[in-house]
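Enquirer: sequence unknown, structure follows:
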RNA sequence: GGCGGAGUAGCUCAGUGGUAGAGCAGGGGACUCAUAAGCCCUUGGUCGGUGGUUCGAAUCCGCCCUCCGCUACCA
């Protein structure tokens, strides 16, 4: 391999990243898939670097609401979620999301993991039986104080003004989060970067300092859930026939959902795998579940004697005219419309370029189409097209090697460093932005060097012009190769086509595995000595003139 | 209410004391390798308001206005 020896550093490293599991109650919109698309680009980047990578996505399938919805449709909850989960998996496939495991909270190994976490919390003295009480709306369940409305007709929940509330008390298990305030504060102090962006960490620190209350971790009456594995005396609730005593209740959402991250790493069935993959390198989550992941989850892990995630990255929301995109608001974008218009790669690119990965971002169909045309069709797609055309026309298709060191090469050096830094720091939009500054520089080089003029001069026996023509076109081809490889995590199906047009093989598998170390490939001139032929040019990102599919 | 953040060109944003910037969108031009694309030039802003500090403020300080985030059991 050419270039400095950095493969030793990257080759044996392993990288484990997760997304939040999605609530399996509906077909996902683009705003839901945003996180998964971003995480997938990161996963592919690490796979291409040669890191042994594990990428986990999945669905959260237990909840009272899901049981209710299924019941309303006269269906078994499992059959209902099976159908919903299929929609998620199809959506992921459509966008070329490449999880190494798609985990479902209904998976049996996950039940074992949750049970083990409960047992460990109990063994640590962090579980106790208490009363969970509060206002209960028969249509909605327990209503937090923040959603209570009081008016002339009395007190009721915001969504059901006519339904009388009941004060209910349920006998539930509680987790002693209050015991973890000081431990969490110390952990935050000793790991100042473990929650990012920093302002998200500060919000959580403020919350912790305000005092922590215990939270309930079981439900007495809900049947659609993971069976609670122990009775009040701590004994197993498993019955002789292997089933679980319904009287013990079910695990409530926190333990049920969050534990998926360690189930996905092999806990507790495969200690060897678990030792290898845990702690994860990063949880990619949305800002709405920050508290769960950076306060409750770490306390649960501490209680179980397990290591904490190395990093939690908190992204923002996709907004439409300042409002959060959501199914209920109806202001969401259908990924199928996006893919139909922009292609899978186009959808991935514009989503991650238009939406900042560290805060909320306003997006729209029009902004996506504009971005697609400007960046993919005009800037990059056209650059590849004109480069390949010129090599064909002026050099008979023989791919020239890069010329002697020139400014474009040093441009690339700083660009690739900056690109990598942003990408590995989860600022995906910034990573793409710096890469496209380079794309602009390459386009300007074409106009500055005027290969068509050089070709004409070379045709008049100007040997210097001929030499310069080959050098310029060699630099252009090399720039296109590097941009395609660097962008491959974002545009996994088009990037190989770019390489193919440039006469290079695509050395990576469909999900980015099994190729040479990417950082070596991203060296300027990594394949300078290889002869080759460019293919016939073919537009990779056709320019669009697309009307909005939503009103 | 408390704590934190933000208000800069039509849009998205950069810019933390010294004559207002980028990309996109809009206008004009030259060229021709190219996906009517790329390149060059260019129209847009009393930098939320106000008072102050300073030779000089988008940039520092006070007050005000607007918006946003966090403020625990839907996830």
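Expert: Perfect, thanks for sending it. Quick caveat, the model's predicted, so the values are computed rather than measured. Numbering: from 1, shown residues only, chains lettered A, B, ... in the order given.
Enquirer: any idea how many residues pack against the residue in chain A that RNA strand B sits nearest to?
Expert: Going by C-beta to the nearest atom of the strand, RNA strand B is nearest to residue A:381 of chain A, at 1.8 Å. Placement of C-beta: from N, CA and C, glycine included. Residue A:381 sits with 20 neighbouring residues when counted by other C-beta atoms under 10 Å.
Enquirer: for the closest residue to it other than its chain neighbours, give me its contacts.
Expert: Distances taken as C-beta to C-beta, 6 or more residues apart in numbering place residue A:541 nearest to residue A:381, at 3.8 Å, with adjacent residues excluded. Residue A:541 makes contact with A:343, A:346, A:372, A:376, A:377, A:380, A:381, A:494 under the criterion C-beta atoms under 8 Å, 6 or more residues apart in numbering.
Enquirer: and the stretch 151-300 of chain A, which of its residues are near RNA strand B?
Expert: With the criterion set to C-beta under 7 Å from any atom of the strand, the stretch 151-300 of chain A comes near RNA strand B through A:177, A:199, A:202-204, A:206-207, A:210-216, A:252-253, A:257, A:287-292.
Enquirer: just those residues: which are in strands?
Expert: Among these, DSSP state E puts A:215, A:216 in strands.
Enquirer: dump the contacts of residue A:541 into a markdown table; add distance to residue A:399 as well.
Expert: Formatted as a markdown table, those follow (distance: C-beta to C-beta, whole Å):
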| residue | distance to residue A:399 |
| --- | --- |
| A:343 | 27 |
| A:346 | 27 |
| A:372 | 28 |
| A:376 | 23 |
| A:377 | 24 |
| A:380 | 19 |
| A:381 | 19 |
| A:494 | 20 |
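Enquirer: which two among the residues you listed are spaced furthest apart?
Expert: The span of the contacts of residue A:541, defined through C-beta to C-beta, is set by A:343 and A:380 at 13.6 Å.
Enquirer: please enumerate the helices of the stretch 101-250 of chain A.
Expert: Ranges of helices within the stretch 101-250 of chain A are A:108-123, A:181-190, A:198-209, based on DSSP state H, counting those that start in this stretch.
Enquirer: need the contact list for the residue of chain A closest to RNA strand B.
Expert: Residue A:381 makes contacts with A:539, A:540, A:541, A:542, as judged by C-beta under 8 Å, 6+ apart.
Enquirer: now for the closest residue to residue A:13 other than its chain neighbours, how many residues are close by?
Expert: Closest residue to residue A:13 apart from its sequence neighbours, by C-beta to C-beta, 6+ apart: residue A:51 at 4.7 Å. Neighbourhood size, residue A:51 [other C-beta under 10 Å]: 21.
Enquirer: check contacts around residue A:196.
Expert: Residues near residue A:196 by C-beta under 8 Å, 6+ apart: A:311, A:312, A:313, A:314, A:358, A:426.
Enquirer: beta partners for it?
Expert: residue A:313 (DSSP bridges).
Enquirer: what does residue A:19 give?
Expert: Under the criterion used (DSSP bridges), residue A:19 bridges to residue A:284.
Enquirer: wait, it sits on residue A:34?
Expert: No - using C-beta atoms under 8 Å as the test, residue A:19 is too far from residue A:34 to be in contact (10.0 Å).
Enquirer: for the stretch 401-550 of chain A, what lies in contact range of RNA strand B?
Expert: Within the stretch 401-550 of chain A, the positions near RNA strand B by C-beta under 7 Å from any atom of the strand are A:440, A:443-444, A:446-447, A:450-452, A:537, A:539-543.
Enquirer: count the neighbours of the residue lying closest to residue A:28 once chain neighbours are set aside for me.
Expert: Take residue A:28 and drop its neighbours on the chain: the residue closest to it by C-beta to C-beta, 6+ apart is residue A:91, 5.1 Å away. Using other C-beta under 10 Å, residue A:91 has 22 neighbouring residues.
Enquirer: element containing residue A:91, please.
Expert: For residue A:91, the element it lies in under DSSP states H and E is helix A:77-94.
Enquirer: is that helix in proximity to RNA strand B?
Expert: No - figure legend: helix A:77-94 not in contact with RNA strand B (C-beta under 7 Å from any atom of the strand); closest approach 13.1 Å.
Enquirer: mean confidence score for that helix?
Expert: Mean pLDDT, computed over helix A:77-94, is 94.
Enquirer: helix, strand or coil: sort out the residue of chain A closest to RNA strand B for me.
Expert: helix (DSSP: H, G, I helix; E, B strand; the rest coil).
Enquirer: what do you get for the one 5 residues further on?
Expert: Assigned with three-state DSSP, residue A:386 falls in the helix class.
Enquirer: verify the stated contact: residue A:455 with residue A:392.
Expert: No - here residue A:455 lies out of contact with residue A:392, judged by C-beta under 8 Å, at a distance of 11.7 Å.
Enquirer: circling back to that earlier point, which among the contacts of residue A:381 end up buried?
Expert: A:540, A:541 (16 or more other C-beta atoms under 10 Å).
Enquirer: from what I see, residue A:318 and residue A:359 are in contact.
Expert: No - Residue A:318 is beyond contact range of residue A:359, at 11.1 Å (criterion: C-beta under 8 Å).
Enquirer: which of those two has more neighbours?
Expert: Taking other C-beta under 10 Å, residue A:318 and residue A:359 do not tie; residue A:318 has more neighbours (26 against 15).
Enquirer: quick one: contacts for that one?
Expert: So residue A:318 contacts A:30, A:31, A:34, A:324, A:325, A:355, A:360, A:361, A:363 (C-beta under 8 Å, 6+ apart).
Enquirer: now with 10 Å?
Expert: For residue A:318, the contact set (C-beta atoms under 10 Å, 6 or more residues apart in numbering) comprises A:29-35, A:324-326, A:331-333, A:351, A:354-355, A:360-364.
Enquirer: of those residues, keep whichever come out buried.
Expert: Buried members of the contacts of residue A:318, scored by 16+ other C-beta under 10 Å, are A:29-35, A:324-325, A:331-333, A:351, A:354-355, A:361, A:363-364.
Enquirer: what's the neighbour count on residue A:396?
Expert: Counted with other C-beta under 10 Å, residues neighbouring residue A:396 total 9.
Enquirer: actually residue A:50, not the one I typed
Expert: Neighbours of residue A:50 using other C-beta under 10 Å come to 21.
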